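> Got a predicted model here, sequence first, then my questions.
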Amino acid sequence: MPRFADLDAITEEQLRATGATKWVHPDRAIGAFMAEMDFGTAPEITASLVREVQRGRFGYLPQDLAESLGEAVAQWQAKRYGWQVDPADVHPVADVITAFRAAIERFTTPGSPVIIPTPAYMPFLRMARSLDRPIIEVPMLTEVNEQGHLVYTHDLDGIRQAFGAGGEILVVCNPHNPTGRILTHEELTDLAAVVTAANGRVFADEIWAPLIYDQSPHIPYASVSPAAAQHTITGSAASKAFNLPGLKCGQLITANLTDRNHFNATGYFDRHGAANLGAAATVTALTDPAAAAWLDDIVAYLQRNRDELIRFVDERLARHGVRVTEISGTYIAWLDFSQTVLAGQPTSVARQLVKTAGVQLTDGAHCGEVGIDHTRLVMAMPHPILQRALEQIEKALQRAE
């Protein structure tokens, strides 16, 4: 199992030597923009990949592996979250964005708008546009908690109005990327009531479910009521929790027989993108106890990073106007620079900081209009590097003032 000291010892030079996308910036900026971890994956998963390579099974996804995947996902959902999923409702796809595209194309009227609460995961907006679908952005409501941290919640009235304006499918990302919120049972139930009343659909992105802190419970949206099960398509994958996004194996999960049969009849090409290596790695990730123990250690390490990041913002960046969300899940930090000297400039905060701080962040504007003067920071990196990134941001703010 990885020890904190082992992960702390990983250097920038080692990360740059991997050639990973987040570490090849020409100016050697610290890569904090891409949602992948710098910790490799569980040794048991690596071993399963070696076995699969030695086996030479490089063709299309065979039925027995697809069935094993369905059983593994169903067992994981039941054990971790109490959601009873029929393995036949687990459909292999390349990734969660493929599942999102399929949910739009297979389960909504052509040309109908997509409802996206913002700030949102950037590809949701890009994918809807690529399908020539109108987007109804519903800005999330914000408040400040007792600790001075931002808390984002869904605007139920805004979502209701969006359905009334012709929207047919709502994106529910839980745990939420980029704000780190975990929705409560009450929040999910209230959302389901709005969707049911509108005869709408939900695409539930639950890829971050294994990465939660403080023993916060994850509740699958489709599990909150029979009505929710009737209108939900869920996207899931082991890629975030076990660091496998390049292996291409997500799951589209249906929650009723009608949707299952419809997707089986129409989703051939959606299913065609799932890769053998990704499926084999996912089965190991979700069934091997040692892989689960590795994940527990990684979550503990990420929670330490989360705690230190929030402490740094509170003690050193807040005086410059930076605010951060409460982060209950994911390894994403959503930083609000709207009250800093960097706000309101022709150049985005993210572009300013890559030059002045040497830290590459995601421009919050890519997450929707409400993200202007915000950034998204990926904290799944060795703690000393995260500390250095935050210190460089602090110095950049000091110089700008």
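Cool, got the structure. Numbers count the residues shown, from 1 in each chain.

> Off-centre distance for stretch 19-37?
18 Å (C-alpha atoms, centre = their mean, to the nearest Å).

> Just the endpoints, please. Distance across it?
End-to-end distance for stretch 19-37, by C-alpha to C-alpha, to the nearest Å: 14 Å.

> Give me the mean pLDDT for that stretch.
Stretch 19-37 shows a mean pLDDT of 93.

> Same check on stretch 198-217?
Rounded mean pLDDT across stretch 198-217 is 96.

> Let the chain start at 683 from now.
Let's use 683 as the start, then, which means that last one is stretch 880-899.

> Mind listing what's buried along the longest helix seen in the chain?
Ranked by residue count under DSSP state H, the longest helix found in the chain is helix 971-994. Of the residues in helix 971-994, 973-974, 976-977, 979-981, 983-988, 991-992, 994 count as buried by neighbour count, 16 or more other C-beta atoms under 10 Å. All C-beta atoms are positioned from the backbone trio N, CA, C, and that covers glycine.

> Over to stretch 717-725?
Within stretch 717-725, the residues that count as buried by 16+ other C-beta under 10 Å are Ala717, Glu718, Met719, Asp720, Phe721, Gly722, Thr723, Ala724.

> Make CSV from those and add secondary structure and distance to Arg739 to it.
Shown next, in CSV, are the buried residues of stretch 717-725 (DSSP: H, G, I helix; E, B strand; the rest coil; distance: C-beta to C-beta, whole Å):
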residue, secondary structure, distance to Arg739
Ala717, coil, 29
Glu718, coil, 25
Met719, coil, 27
Asp720, coil, 29
Phe721, coil, 27
Gly722, coil, 23
Thr723, coil, 19
Ala724, coil, 21
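
> of those residues, closest to Gly917?
Ranked by distance to Gly917 (C-beta to C-beta), the buried residues of stretch 717-725 are led by Ala717 at 14.5 Å.

> where does the closest one fall, phi/psi-wise?
Dihedral pair for Ala717: phi -80, psi 80, per degrees, to the nearest 10.

> Just give the closest residue to it, not the sequence neighbours.
Once flanking residues are discounted, Ala717 sits nearest to Val1060: 5.6 Å by C-beta to C-beta, 6 or more residues apart in numbering.

> is it true that the one you found touches Trp1016?
No - with contacts counted by C-beta atoms under 8 Å, Val1060 stays clear of Trp1016, the gap being 11.1 Å.

> Settle it for me: which of the two has more neighbours?
Neighbour totals were compared for Val1060 and Trp1016, and Trp1016 leads with 27 against 24 (other C-beta atoms under 10 Å).

> For that one, which three-state class applies?
With DSSP: H, G, I helix; E, B strand; the rest coil as the basis, Trp1016 sits in strand.

> who's in contact with it?
Residues counted as contacts of Trp1016 (C-beta atoms under 8 Å, 6 or more residues apart in numbering) are Pro801, Leu832, Pro860, Thr861, Gly862, Val1006, Thr1007, Gly1046, His1056, Thr1057, Arg1058, Leu1059.

> at 7 Å what do you get?
Going by C-beta atoms under 7 Å, 6 or more residues apart in numbering, Trp1016 touches Pro801, Pro860, Thr861, Gly862, Thr1007, His1056, Arg1058.

> Bridging across strands, which residues link to the last one?
This means Arg1058. Trp1016, Thr1044 (DSSP bridges).

> so what pLDDT did Thr728 get?
The per-residue pLDDT of Thr728 was computed as 98.

> mind checking which helix or strand it is in?
helix 725-737 (DSSP states H and E).

> where do the strands sit along the stretch 883-1032 of the chain?
Along the stretch 883-1032 of the chain, counting by DSSP state E, counting those that start in this stretch, strands occupy 883-887, 914-919, 932-935, 1005-1006, 1014-1018.

> Tabulate those in CSV, adding columns for distance to Met809.
Listed next are these as CSV, based on distance: least, C-beta to C-beta, whole Å:
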stretch, distance to Met809
strand 883-887, 10
strand 914-919, 12
strand 932-935, 13
strand 1005-1006, 28
strand 1014-1018, 19
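
> Tabulate the CA atom coordinates of the helix holding Thr728 in CSV.
C-alpha atoms of helix 725-737 as CSV (Å, rounded to 0.1, in the frame of the first residue of the first chain):
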residue,chain,number,x,y,z
PRO,A,725,-0.3,-2.7,-8.2
GLU,A,726,-3.1,-5.3,-8.5
ILE,A,727,-4.5,-3.4,-11.5
THR,A,728,-1.1,-3.2,-13.1
ALA,A,729,-0.7,-6.9,-12.7
SER,A,730,-4.1,-7.6,-14.3
LEU,A,731,-3.0,-5.4,-17.3
VAL,A,732,0.2,-7.4,-17.6
ARG,A,733,-1.8,-10.6,-17.6
GLU,A,734,-4.2,-9.3,-20.2
VAL,A,735,-1.3,-8.1,-22.5
GLN,A,736,0.4,-11.5,-22.2
ARG,A,737,-2.9,-13.2,-23.1
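
> That one - contacts with which helices or strands?
Contacting helix 725-737 under the criterion 3 or more C-beta pairs under 7 Å, 6 or more residues apart in numbering; DSSP states H and E are the following elements: helix 958-969, helix 971-994.

> Can you check which of those helices gets nearest to Ser812?
Ser812 lies closest, by C-beta to C-beta, to one member of the helices and strands packed on helix 725-737: helix 958-969, at 22.9 Å.

> If anything else comes up later, I'll come back, but that's it for now.
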